[in-house]
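Student: After the sequence you'll find the predicted model.
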Amino acid sequence: MHNLRTLCRRVVARSTGRVGVVLSAALALVLILTACTAEHPLPTPNGTSLVDDLGRLVEVEGTPERIVSLAPANTEILFALGLGDSVVGVTDFCDYPPEAMDKEKVGAYYPPDIEKIIALNPDLILATDIHRHEAIPALEDHGFTVFALAPQTLDEVMASIDRAGQITGQEEEALDLIGEMQSRIEQVEEALIDVEERPSVFYITWHDPLWTVGRNTWIDDLITIAGGVNVFSEYFESGAMVEVEWVIYLTPEVIIASSWSFDWANNATELDGIDARLNSRIYRSDDNLVQRSSPRLVKALDWFAYFIHPEIFDEPEG
């Protein structure tokens, strides 16, 4: 319980902003419920047991020394926790940090190459939600330990980082990383504390068909913390397909588009009359920052803050 109490104290003590109070309270509640539902590590004869993000109780024997990551976000978390030397396999899409590209490749994000993973003989495999039906059962049938990280919201991302730290023996590193993320969140909130105008924002995940995000997503959290209002937050729980007529009706003031949908957002005649087009407020996002549940989401936050309130925030470097 020591690490749980320490993390709760850190996030609550640092939460001075309005949105930060909500996010930090939610994170603290997640971690408290984690302890109450056996998601906090439980001692076993050979190691610890922890409930992963799919609700599975996973026993981890000892401290993992050979780790395979099946998702780019997981790879980023492992390296951020100082575990780069323990990573022996990553997907073809794991490109950050640059050192990750030198690791043995285990195939696509989905499906991964099970035979390559077996050959690496890992003592821990970090998977995600997309692997729950095929890859995870197949790997467990071969006797491997598989732990899934599948957060949806920003506070769940930080809770997942905490879990990753616990199962790899990097608890303090995880707490420090979460503290750094929370600190940056609060800096953005404090800069916006006296701002009353919150522009409406439409985030485009993909344009053919048109996809966006609703509430209970980390992208919705980024928009909110950055001083905007997600136009589809009240309509959807997560990702959703929408008709362009709906966007025209809501006429968002700001559009943030994924890199592969930016040109469409700038040129589609259907959007000619909406506020974001009329005021030249359509922005291209870095998908690797925005769409990965990694510690770099706070860098995405810096860009969102600049897109939504350029009168307050300078353009981020990089």
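Tutor: Yep, it's here. Residues are numbered from 1 along each chain as shown.
Student: so where do the helices sit in this structure?
Tutor: In the chain, the segments counted as helices under DSSP state H are 2-13, 18-36, 72-80, 114-120, 135-141, 154-168, 171-191, 218-225, 244-250, 262-267, 275-278, 287-290, 297-308.
Student: Please tabulate the ones you listed in TSV, including the columns distance to residue 101, mean neighbour count and mean pLDDT.
Tutor: C-beta here means a position set from N, CA and C on the backbone, and glycine is covered the same way. Formatted as TSV, the entries for the helices of the chain read as follows, by distance: least, C-beta to C-beta, whole Å; neighbours: other C-beta atoms under 10 Å; pLDDT from 0 to 100:
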stretch	distance to residue 101	mean neighbour count	mean pLDDT
helix 2-13	32	16	40
helix 18-36	32	18	46
helix 72-80	10	26	98
helix 114-120	16	15	98
helix 135-141	22	17	97
helix 154-168	21	25	97
helix 171-191	22	19	98
helix 218-225	25	26	98
helix 244-250	37	14	97
helix 262-267	25	16	97
helix 275-278	36	18	97
helix 287-290	13	19	97
helix 297-308	19	23	98
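Student: okay if I get these as CSV plus distance to residue 59?
Tutor: Rendered in CSV, the data for those read as follows (distance: least, C-beta to C-beta, whole Å):
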stretch, distance to residue 59
helix 2-13, 19
helix 18-36, 16
helix 72-80, 19
helix 114-120, 19
helix 135-141, 11
helix 154-168, 10
helix 171-191, 18
helix 218-225, 29
helix 244-250, 47
helix 262-267, 45
helix 275-278, 50
helix 287-290, 33
helix 297-308, 30
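Student: out of the ones you listed, nearest to residue 99?
Tutor: Across those, residue 99 has its closest neighbour in helix 72-80 (6.9 Å, C-beta to C-beta).
Student: And for the closest one, what's in contact with it?
Tutor: Residues outside helix 72-80 that contact it (C-beta atoms under 8 Å, 6 or more residues apart in numbering) are 67, 69, 84, 86-87, 90-91, 93-97, 99-100, 109, 126-128, 149, 160-161, 164, 168, 177, 288, 292-296.
Student: Buried ones among those?
Tutor: 67, 69, 84, 86-87, 90-91, 93-94, 96, 100, 126-128, 149, 160-161, 164, 168, 177, 288, 292-296 (16 or more other C-beta atoms under 10 Å).
Student: The closest residue to residue 195 other than its chain neighbours: how many residues sit nearby?
Tutor: Leaving out its chain neighbours, the residue that sits closest to residue 195 by C-beta to C-beta, 6 or more residues apart in numbering is residue 227, at 5.7 Å. For residue 227, the neighbour count with other C-beta atoms under 10 Å is 24.
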